[in-house]
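>>> Have a look; sequence and predicted model below, questions after that.
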Amino acid sequence: ASVLSDRINALQESQTIAMAKKGRELAAQGIDVISLSFGEPDFQTPQYVKDAAKAAIDEGYTFYTPVPGYLDLRQEISAKFKRDNNLDYQPDQIVVSTGAKQSLANVVLSVINPGDEVIVFAPYWVSYEEMVKLAEGVPVPLMGTIENDYKVTAQELEAAITPRTKLIMYSSPCNPTGAVFSREELAAIAEVVARHPQVLVMADEIYEYINFVGEHVSIAQFEEIKDRVITVNGFSKGYAMTGWRVGYLAASKEIASACDKLQSQITSGTCSIAQRAGLAALQGGRASADEMVTAYRRRRDLVLDLVQDIPGFRTPVPEGAFYIFPDVSGCFGKTTPEGKVLETSADVAFYLLSDAHVVAVSGDAFGAPNCIRFSTAAADEKLQEAFTRIKTSIEKLG
Ligand code: PLP
């Protein structure tokens with residue numbers, strides 16, 4: 001018998017991390033590997049944020065922090081919600097955590113009982129499903145159609161809700177598809193949720209600032225369901241602060257207090273220095289993010305142009321985040337020069353790794369087995385080279 005718990009044995013290793021590992025192995029053999037597997041900005045954290053962190057150390061921010069985060073940081077987050085999202089959240093409705101990832105896990109563990117169903121809009125971010133399983137909930141993936149850029153519609157949601165549905169989870173802008181829900185779409189979804197009072201909504205808005213359409217809508221803006229919405233956001237993507245580990249959530253006081261209690265027993269408040277850096281980041285507004293968005297948009301356009309010409313790839317236009325997520329099922333049934341028949345998106349991803357030396361992640365990890373995900377958060381020349389190589393490899397298929 002294993003010394004490990006059933007809980008941990010049932011948990012999958014993150015596939016994004018597994019593919020990255022394979023890429024590093026090839027690179028160690030001296031092969032020129034282009035890694036497009038990671039969901040990470042390739043920008044440095046803005047200088048003013050780094051400076052604030054250095055100052056925080058010298059100012060003595062070295063002690064335990066309040067579990068839900070420093071009060072002035074939560075006040076600044078409250079102001080951010082008002083400014084960017086027209087949402088009123090008091091500081092005691094906000095919990096700062098060790099990354100948005102912890103915020104998401106806090107919520108799932110705080111509201112899910114064994115057997116509760118969680119509708120996860122698919123394609124979804126890899127960790128949602130595993131978090132639900134950890135909480136002994138039942139993930140119910142709900143996939144939109146490619147014609148609607150994979151966005152789940154209100155009708156599709158209505159049909160998926162059962163008396164056991166407890167929570168709905170989605171990200172917008174979406175990782176992995178880059179889809180952005182419009183105000184009308186979210187209004188219709190909110191109307192469905194309003195009719196089911198036992199249902200909560202977790203809106204993951206970590207890519208809020210990386211949006212090429214312009215309007216970002218928070219579903220918490222729909223008053224009739226606001227108390228049942230948990231809004232999650234953070235600094236990793238918008239401020240290029242992945243390593244600092246600061247994220248946050250806003251919710252009803254009841255849910256926020258539950259997350260505070262859970263966090264108090266597991267991690268305590270997140271890093272003091274990172275919190276001071278987060279405060280400075282928000283005080284600086286979104287100018288640094290806007291600069292990065294210009295680059296992300298240029299790269300999206302560049303890559304879209306290149307994938308258009310790859311036979312067998314069908315790619316919706318991402319409206320935000322920094323990924324493209326082609327449906328590659330058009331390559332299934334084709335044969336590689338080595339004589340292997342490609343049958344799954346994992347086969348395609350693996351073929352591209354071995355033949356084009358480009359690392360991508362198979363869509364299974366995101367609940368979309370016909371797709372593969374490429375990060376576009378890489379230098380323009382790298383993207384150009386990567387997609388040129390991919391095209392050559394795909395054209396070799398027989
Ligand atoms: N949510 C989504 C959709 C993400 O893509 C990520 C990071 O990849 C996270 C949450 C986690 O962000 P953080 O670094 O703040 O934990």
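In hand now; what should we look at? Residues are numbered from 1 along each chain as shown.

>>> Quickly list the domain ranges of this structure.
What automatic domain parsing lists as the domains of the chain is 6-44+288-395, 61-285.

>>> Dump the ones you listed to TSV, plus distance to A55 and mean neighbour count.
Where you see a C-beta, it was placed from the backbone N, CA and C, and this is true even at glycine. Shown next, in TSV, are the domains of the chain (distance: least, CB to CB, whole Å; neighbours: other CB atoms under 10 Å):
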stretch	distance to A55	mean neighbour count
domain 6-44+288-395	18	18
domain 61-285	8	20
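
>>> ranking these by mean pLDDT, which is last?
Note on these: lowest mean pLDDT is at domain 6-44+288-395, with a mean of 93.

>>> where does the protein come near the ligand, residue by residue?
Where the chain comes near the ligand, counting by CB under 6 Å from any ligand atom, the residues are 39, 99-101, 125, 171, 175, 204, 206, 234, 236, 242, 247.

>>> Can you tell me the element the residue of the chain positioned farthest from its centre falls in?
Ranked by distance from the centre of the chain (CA atoms, centre = their mean), the top residue is G339, with 36.2 Å. For G339, there is no helix or strand it lies in under DSSP states H and E.

>>> Can you tell me how far it is from C271?
52 Å (CB to CB, to the nearest Å).

>>> OK, contacts around E191?
A154 (CB atoms under 8 Å, 6 or more residues apart in numbering).

>>> The ligand versus that one, what's the distance?
25 Å (CB to the nearest ligand atom, to the nearest Å).

>>> ok so that residue is a strand residue?
No. Counting by DSSP: H, G, I helix; E, B strand; the rest coil, E191 is located in no strand; its state is helix.

>>> For this protein, just list every one of the strands.
Using DSSP state E, the strands of the chain run over 34-35, 94-97, 117-122, 138-143, 165-171, 200-204, 229-234, 247-250, 323-324, 358-359, 361-362, 372-375.

>>> Show me the contact partners of the first one.
With contact meaning CB under 8 Å, 6+ apart, strand 34-35 is reached by A20, G23, H357, V358, V359, A378, K382, E385, A386, R389.

>>> Please name the residues that touch the fourth one.
Going back to what we said before, that points to V358. V358 neighbours (CB under 8 Å, 6+ apart): V33, I34, S35, L36, L352, F374, A386, R389, I390.

>>> and the gap between the first one and Y351?
If I follow you right, that is V33. In terms of CB to CB, V33 sits 14 Å off from Y351.
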